[in-house]
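**Q** I need the structure of the sequence given here:
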Amino acid sequence: MPEVVREAVQAQTTQLQDSIQRENDEFLKTIDENMKKIIKEQVKSQVKAQVTRILPRIEEAVNAQLEAEVLVEAYDADETILDTYGESTILKRRREDDDQEGPSTGSDWGSTRGSQSRQLTASESAFVEKHVQPTCQMEEPSHSVFETGAEDQPIVQTS
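**A** Here you go, the predicted structure:
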């Protein structure tokens, strides 16, 4: 009989061990899930804190980059305006020089211009050479249409 009791005790012990092991596994699984949730929440809060700390610097860098691009574009526009102004000033000076010379009398009117024209300075010459385009590269100017307002005026005929 002691053999039967021993087997019964052994069976009972095995069942209890299995039951306790299942409970232990469930407990560990629950602890693991809770730890993961806690870690996720901590990571989220730390990321938010870092983002709020870093975001102003990122915005400053982006704004500085955009400002630099705008300044470069403005500089390029100013340079174009100054180039155009310089070009028009050179043309105006030539016109003034031509007006001061006056028209030549006689049949050699066109031939005297070359000998009497003002010589360009080195900077003017370089500027003109830089901005002169061959005729084949120039765009044809668009023709403007002007509104005169004459359409709404009555036509008066005199007799």
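
**Q** got any ranges where the protein has weak pLDDT?
**A** 102-159 (pLDDT under 70).

**Q** let's see it at 90
**A** 1-4, 77-159 (pLDDT under 90).

**Q** longest helix anywhere in this structure?
**A** For the chain, the helix with the greatest residue count under DSSP state H is helix 2-101.

**Q** name the helices or strands packed onto that helix?
**A** Judged by 3 or more C-beta pairs under 8 Å, 6 or more residues apart in numbering; DSSP states H and E, helix 2-101 is in contact with helix 112-116, helix 122-131. Heads up, the C-betas are built off the backbone N, CA and C, glycines and all.

**Q** any idea how far residue 71 is from residue 81?
**A** 15 Å (C-beta to C-beta, to the nearest Å).

**Q** make that residue 27, sorry
**A** Between residue 27 and residue 81 the computed distance is 79 Å (C-beta to C-beta).

**Q** repeat that for residue 67.
**A** Distance from residue 67 to residue 81, by C-beta to C-beta: 21 Å.

**Q** cool, residue 34 as well?
**A** For residue 34 relative to residue 81 (C-beta to C-beta), the value is 69 Å.

**Q** one more: residue 17?
**A** Distance of residue 17 to residue 81, computed by C-beta to C-beta: 92 Å.

**Q** same check, this time on residue 48
**A** Per C-beta to C-beta, residue 48 is found 49 Å from residue 81.

**Q** repeat that for residue 38.
**A** From residue 38 across to residue 81, the span is 64 Å (C-beta to C-beta).

**Q** cool, residue 54 as well?
**A** To residue 81, residue 54 is 40 Å away according to C-beta to C-beta.

**Q** ditto for residue 26
**A** 79 Å.

**Q** try residue 18
**A** From residue 18 to residue 81 the distance is 90 Å (C-beta to C-beta).

**Q** same check on residue 92?
**A** According to C-beta to C-beta, residue 92 stands 16 Å off from residue 81.

**Q** and residue 100, by the same measure?
**A** Relative to residue 81, residue 100 is positioned 28 Å away (C-beta to C-beta).

**Q** and what of residue 88?
**A** Plainly put, residue 88 is 11 Å away from residue 81 if you go by C-beta to C-beta.

**Q** can you check residue 22 too?
**A** Residue 22 is 85 Å from residue 81, by C-beta to C-beta.
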